[in-house]
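J.: sequence first, then the predicted structure:
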There are 2 protein chains.
Amino acid sequence: MTPKPVSLTEKFALFSEPWQPKRIGKVDGYDVRIVRIRGEFVWHSHADADEFFFVVEGVLRMHFRDRYEDVPAGSLIIVPKGVEHKPEALTPETKMMLVEKSETVNTGDGPANAQTVADPEYI
Amino acid sequence: MTPKPVSLTEKFALFSEPWQPKRIGKVDGYDVRIVRIRGEFVWHSHADADEFFFVVEGVLRMHFRDRYEDVPAGSLIIVPKGVEHKPEALTPETKMMLVEKSETVNTGDGPANAQTVADPEYI
């Protein structure tokens, strides 16, 4: 075992495409992921997994069916399992760190689409 | 269900004492905790839980038996289960966000001591 510090700035510098989560660490059976987002994602939910979103840069607008919440850098929001949501970057680009079960597929439990990443790359 | 944004700045403003982790969220069976640290903690390990430390402000020095790693703000380190470690604030105070199993006791698997917090307050 050799636990090493992981710099978010260094990891974000390794990729530029939006909506492509990357794994940067593992806590038991949970992934730590980072992702850049631009524009809107798709509506989805995760039947068996809560999802933790921490905003590193920019502003996240998390849409729910009955409202939305704006989450600025330095804040987090946890979406409970089963709750439909749609992330949107309120700034041109928003950078986030996620913690969720390693099996979690970004587009949730529905059919896969062009934005689906079932097994994120480890960087 | 009403997921709400959680501001780390606002939550840190609610307490000042060091080494007293506070719960600010839950992801499945895992806590999101924040903690202020000053000086050194005790050597300990967690037999069944990896521990995620994200440095929000200041610098964390994580000691291992054979070396140490310095973790600045914006970086994280994950200590695998079973690995002895001792956190230290390298700055006068260091602020951290933790993710770990909700059952995790901050001083690990050894006997409780003055720094032990077995059931952190929810703020």
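T.: The structure has been received and is ready for your questions.

J.: stretch A:53-60: how far from the chain's middle?
T.: 10 Å (Cα atoms, centre = their mean, to the nearest Å).

J.: and it, which residues are buried?
T.: By neighbour count with 16 or more other Cβ atoms under 10 Å in any protein chain shown, stretch A:53-60 contains the buried residues A:53, A:54, A:55, A:56, A:57, A:58, A:60. All C-beta atoms are positioned from the backbone trio N, CA, C, and that covers glycine.

J.: and the helix or strand hosting residue A:34 with strand B:30-37, angle?
T.: Per DSSP states H and E: residue A:34 is located in strand A:30-37. With axes from the mean of the first three to the mean of the last three Cα atoms, to 10 degrees applied, the angle from strand A:30-37 to strand B:30-37 works out at 80 degrees.

J.: which residues does strand A:30-37 contact?
T.: For strand A:30-37, contacts defined as Cβ atoms under 8 Å, 6 or more residues apart in numbering or on different chains pick out A:8, A:11-12, A:15-26, A:56, A:60, A:87-89, A:93-102, A:104, A:106, A:120, B:27, B:30, B:52, B:76, B:78, B:99.

J.: same question for stretch A:109-120.
T.: A:19-23, A:31, A:33, A:41-42, A:44-47, A:105-107.

J.: one more pass at 6 Å, please.
T.: Contacts to stretch A:109-120, defined as Cβ atoms under 6 Å, 6 or more residues apart in numbering or on different chains, come from residues A:19, A:21, A:22, A:23, A:33, A:44, A:47, A:105, A:106, A:107.
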